[in-house]
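Q: one predicted model, sequence on top.
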Amino acid sequence: MKRWKKFTLRTKMITAFSTVVLLLITFICLLFYFTNVHEMKQQTQSLSGVISRQFNKTLELYIADIERLSTVIFTDTIIQDSLDNHHDIYNPHEHINIKNNIFPRLFNYGYPMHDVEKISIYTTNRIVYNYYKRGDLSIERAILKEDWEDTLGGLSKNEFMLLPTEEILLQNGTRKQVISLVKHIYQIPRRHYIGSMKIQVNIDSLNNLLVLNDHLELGDHIRVLIITEENDVIYDNNRELTGEKMRNFEFKEEMDNNSFGEVSWENNDYLYTFEKSNYTDWRTLILISDMFIVSEQKRIQSFIIYIGLLSTIIITFVSIWLSHTITEPLEKIMAKMTLVEKGKLKERMEITGNEEMDVLNRVYNKMLDSINRLIREVYESKLAEKDAKIIALQSQINPHFLYNTLNIMKSISRVKGVEEVAEISEALSDLFKYSMKHLREPVPLMNELEHVHNYMKIQNYRFGKRFKLQCSIDEELFVASLPKLTIQPIVENAVNHGLSDVKNGGLVELNGKKNGDILVITIKDNGKGMEKDKVEALKERLLSLTFKDKYDSEGSGIGLINIQERIQLLYGKTFGLRIESEQNFGTTITLEIPFVIYERRKELDGQ
């Protein structure tokens with residue numbers, strides 16, 4: 001401890017700052033590493049589960065499509081008749097007749113299903129009609145009984161069987177691996193057995209069901225297997241075990257239910273996700289190699305090491321620079337403040353025992369007085385400068401000059417015969433005059449409606465016949481008093497937002513009524529409306545207004561929130577705006593204020 005006190009301030013700062021920051025960065029890096037590795041493992045497991053469920057569900061839907069195809073073939077009347085009547089396939093006439101009847105039917109059903117390689121229909125007298133994808137219909141006699149026929153016979157009439165992957169020889173000489181759906185055919189409506197069918201689907205079609213585009217980072221580390229209860233591999237995305245038995249893999253008891261965990265297979269460790277389909281009785285097994293986790297861990301380790309080295313270098317330089325920046329000025333200040341210390345100063349800070357800080361403490365008290373004085377002088381100077389700028393800006397904007405200019409434009413336009421410009425100038429002049437005068441005073445409803453009509457007149461010249469204003473308010477309500485600029489901003493909001501995408505047929509309805517002692521004004525548009533969550537958010541804002549800041553009526557921010565605040569400041573929180581909106585059906589704003597007759601009748605009559 002004594003040796004530490006003998007160190008200079010610069011040495012203490014470099015040592016303390018570097019040590020604390022490096023320890024903190026080391027702790028954060030370790031915490032980040034272990035947390036990230038754990039989360040990455042969980043995310044990988046979760047991702048595996050998502051892929052498993054998606055693939056399993058998509059496979060079920062795909063098999064359901066094949067089963068629906070079998071039902072369509074099952075119920076075809078021509079195929080039913082052909083199976084119900086035993087034909088002599090060795091009779092050339094009947095042979096051609098069978099082909100002409102059955103081939104078009106199987107072609108129509110099988111052609112849209114691009115993955116169907118072969119459809120076989122077995123009659124009760126052992127005749128087999130084989131339809132090949134984009135090929136022909138061959139007719140032959142089946143000598144040997146298929147292995148699946150007895151098992152299928154023990155099922156109910158509506159059930160089907162899925163056969164493991166096998167390799168078949170097509171008419172063009174190529175070999176394809178296929179999965180097969182087999183089903184008995186029963187005569188309609190008597191429901192007696194008249195034959196069987198076998199639909200064989202290219203196993204490559206399952207590659208299209210397995211979508212890994214969004215998970216390319218898994219790359220070569222993922223293995224997707226579809227396995228039967230007899231351990232026959234229906235599908236292997238690596239194509240190594242498709243059509244073979246699952247080798248050296250022990251299905252544990254916990255795998256009988258949809259589960260996940262860790263497993264060792266063929267000298268490798270994997271994260272597995274297991275899911276069984278109740279529809280196909282097939283089991284989907286997804287294996288993600290531990291190498292993927294290891295590679296991710298190495299990447300995180302490399303990232304942390306680089307960050308740690310970079311942080312160490314930066315901290316070293318920052319420590320040296322910071323200590324030099326602080327101690328060097330202090331040394332200079334000490335020499336200068338020693339001279340100031342000889343003067344008579346009123347001390348305010350106690351001596352701490354630290355030579356450098358004691359000098360600063362003794363000088364600080366006098367500096368504090370000087371700073372306080374300077375602050376007052378600068379503050380007053382800034383206020384005077386600000387007031388001067390405000391006065392200068394206000395003098396630059398002369399509302400009467402602009403208003404008179406618009407009137408001159410209106411007069412010249414009428415003299416020149418440009419009536420549209422004159423009307424726009426007149427409307428804009430009235431709009432400007434109304435917006436500039438007596439913003440804090442209430443106005444009669446008639447004046448506010450005139451302001452709305454002037455605004456819509458300008459918008460109609462701008463947008464043509466895209467939308468119109470429909471006003472339905474009794475004249476007896478025109479004398480009602482309300483805050484200035486209350487209705488027009490809501491109408492403007494309807495035009496700018498609700499009807500912005502409307503090309504024609506837009507409508508803004510303005511209705512008013514007296515409900516007891518309450519004036520109710522509704523502004524409704526048939527525009528695009530708002531989404532439900534946005535409506536609820538806006539309602540919440542309207543209901544939860546707080547008046548922490550005084551409302552500035554001279555400001556330019558006039559919106560729904562602003563109008564709500566003005567109304568509630570004037571009349572209380574029981575009054576204000578209500579909003580109802582439905583997407584693609586428009587928006588309705590309802591304004592409720594007390595019904596009070598405007599008292600300044602002379603102004604009403606003169607306006």
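A: In hand now; what should we look at? Numbering: from 1, shown residues only.
Q: and the gap between the most centrally placed residue in the chain and Lys539?
A: Closest residue to the average C-alpha location of the chain: Asp533 at 13.3 Å, with CA atoms, centre = their mean. Asp533 sits at a distance of 11 Å from Lys539 (criterion: CB to CB, to the nearest Å). (C-beta placed from N, C-alpha, C; glycine too.)
Q: repeat that for Asp269.
A: According to CB to CB, Asp269 stands 55 Å off from Lys539.
Q: can you check Ile518 too?
A: Distance from Ile518 to Lys539, by CB to CB: 20 Å.
Q: and what of Lys298?
A: Where Lys539 is concerned, Lys298 sits at a distance of 52 Å (CB to CB).
Q: okay, the two: which has more neighbours?
A: Counting neighbours by other CB atoms under 10 Å for Lys298 and for Lys539 shows that Lys539 has the greater number, 15 against 10.
Q: find the nearest non-adjacent residue to that one, please.
A: Ile579 (6.2 Å; CB to CB, 6 or more residues apart in numbering).
Q: list the helices and strands the helix or strand where that neighbour lies packs on?
A: Using DSSP states H and E, Ile579 sits in strand 576-582. Contacts defined by 3 or more CB pairs under 8 Å, 6 or more residues apart in numbering; DSSP states H and E place strand 576-582 against helix 532-543, helix 560-571, strand 586-594.
Q: out of these, which one sits most buried?
A: Comparing these by mean neighbour count (mean count of other CB atoms under 10 Å), strand 586-594 comes out on top with a mean of 19.
Q: not counting it itself, show me its contacts.
A: Contact partners of strand 586-594, identified using CB atoms under 8 Å, 6 or more residues apart in numbering, comprise 482-483, 486-487, 490, 493-494, 498, 517-530, 560, 563, 567, 570-571, 575-581.
Q: write the ChimeraX selection for whichever of those are buried.
A: Of the contacts of strand 586-594, the buried ones can be selected in ChimeraX as follows, counting by 16 or more other CB atoms under 10 Å:
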select :482,483,486,487,490,493,494,498,519,520,521,522,523,524,525,526,527,528,529,530,560,563,567,571,575,576,577,579,580,581
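Q: helices of the stretch 101-250 of the chain, start to end?
A: Counting by DSSP state H, counting those that start in this stretch, the segments of the stretch 101-250 of the chain that form helices are 147-153, 205-209.
Q: among these, which is nearest Ser319?
A: Closest of those to Ser319 is helix 205-209, at 58.2 Å (criterion: CB to CB).
Q: what's the closest one packed up against?
A: Right, helix 205-209 is packed against helix 9-75 by 3+ CB pairs under 8 Å, 6+ apart.
Q: tell me the mean pLDDT for the helix it packs on?
A: Averaging pLDDT along helix 9-75 yields 79.
Q: for stretch 136-156, same thing?
A: In this model, stretch 136-156 has an average pLDDT of 81.
Q: quick one: buried residues of that stretch?
A: Buried residues in stretch 136-156, counted by 16+ other CB under 10 Å: 137, 139, 146, 152.
Q: same list (those) but as TSV, adding distance to Thr280.
A: TSV is the format used below for those (distance: CB to CB, whole Å):
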residue	distance to Thr280
Leu137	29
Ile139	31
Glu146	20
Leu152	15
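Q: which stretches of the stretch 301-450 of the chain aren't confidently modelled?
A: Scanning the stretch 301-450 of the chain with the threshold set as pLDDT under 70 gives 322-366, 368-369, 371-423, 425-440.
Q: ok, now with 50
A: 336, 339-340, 343-346, 388-398, 400-401 (pLDDT under 50).
Q: got a list of what the residue nearest to Lys539 touches?
A: Contacts for Ile579 (CB under 8 Å, 6+ apart) come out as 535, 538-539, 542, 560, 587-590.
Q: need the residues you listed in TSV (columns: pLDDT).
A: Below are those laid out as TSV (pLDDT from 0 to 100):
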residue	pLDDT
Val535	89
Leu538	88
Lys539	87
Leu542	85
Leu560	86
Thr587	93
Thr588	94
Ile589	94
Thr590	94
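Q: end to end, how far does stretch 201-208 reach?
A: 13 Å (CA to CA, to the nearest Å).
Q: and what of stretch 186-193?
A: 4 Å.
Q: one more: stretch 140-155?
A: Chord length of stretch 140-155, first to last residue, is 27 Å (CA to CA).
Q: and Gln470, how many neighbours?
A: A total of 10 residues lie near Gln470 under the criterion other CB under 10 Å.
Q: sorry, slip of the keys, the one I care about is Thr174.
A: Thr174: 9 neighbours (other CB under 10 Å).
Q: pLDDT at Asn526, what is it?
A: pLDDT recorded at Asn526 is 91.
Q: quick one: it from Asn504, how far?
A: Going from Asn526 to Asn504 by CB to CB gives 12 Å.
Q: what's the closest of the buried residues of stretch 136-156 to Glu60?
A: Of all these, Leu152 has the smallest distance to Glu60: 20.3 Å, by CB to CB.
Q: my guess is that closest one contacts Leu181, does it?
A: No - with contacts counted by CB atoms under 8 Å, Leu152 stays clear of Leu181, the gap being 10.7 Å.
Q: between these two, what contacts are shared?
A: Jointly contacting Leu152 and Leu181 under the rule CB under 8 Å, 6+ apart are 160-161.
Q: what helices or strands is the strand ranked longest in the chain leaning on?
A: The longest strand of the chain (DSSP state E) is strand 175-186. The contact analysis (3+ CB pairs under 8 Å, 6+ apart) places strand 175-186 against helix 9-75, helix 77-84, strand 116-123, helix 147-153, strand 161-169, strand 193-202.
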